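# coordinates only, sequence not included:
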């Protein structure tokens, strides 16, 4: 295995989910302030968690599978993971929302209609 395989995997994750932005109007990359604002807490919390766990020898990373680039004691790959996977999750979440809105619109349901009301405006008894 190459030391760059994990980074290539993270790149593949971004590449695979890119069509969600383009085809399903996920609008994750088009709202950079919102994206960065949602990533910062994740990166901070999980990086701190990993740094403490590595420092306490709760876990380690096999040097054969990382590039050797570290930020403190945190491998670059771990930081990249904390950025890439939430982006992929946000893209998936937003794309599913877009598809569900499309399906609801096609099926004739209205978002504002209550489940117990009739089309003519009268309530179901």
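Nice, I can see it. If you're wondering where the values come from, they're calculated on a predicted model, not measured in any experiment. Numbering: from 1, shown residues only.

# C-alpha only now, for contacts and for neighbours.
Noted.

# So for the helix of greatest length in the chain, what gets flagged as buried?
Once the chain is assigned using DSSP state H, the helix that runs over the most residues is helix 76-106. Neighbour counts using 16 or more other CA atoms under 10 Å place 76-79, 81-84, 86-88, 90-92, 94-95, 98 of helix 76-106 among the buried residues.

# Now do the helices in this protein.
5-23, 32-55, 76-106.

# can you put the ones you listed in TSV and add mean pLDDT?
Conversion of those to TSV gives the following (pLDDT from 0 to 100):
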stretch	mean pLDDT
helix 5-23	94
helix 32-55	96
helix 76-106	94
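
# want to throw those into JSON lines with distance to residue 70?
Compiled in JSON lines, the helices of the chain are given as follows (distance: least, CA to CA, whole Å):
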{"stretch": "helix 5-23", "distance to residue 70": "14"}
{"stretch": "helix 32-55", "distance to residue 70": "11"}
{"stretch": "helix 76-106", "distance to residue 70": "5"}
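
# Of the ones you listed, give the one that comes closest to residue 63.
Proximity to residue 63 (CA to CA) singles out helix 76-106 among the helices of the chain, at 11.4 Å.

# Let me know the angle separating the closest one from helix 32-55.
140 degrees (axes from the mean of the first three to the mean of the last three CA atoms, to 10 degrees).

# Which strands and helices lie in contact with helix 76-106?
Judged by 3 or more CA pairs under 8 Å, 6 or more residues apart in numbering; DSSP states H and E, the packing partners of helix 76-106 are helix 5-23, helix 32-55.
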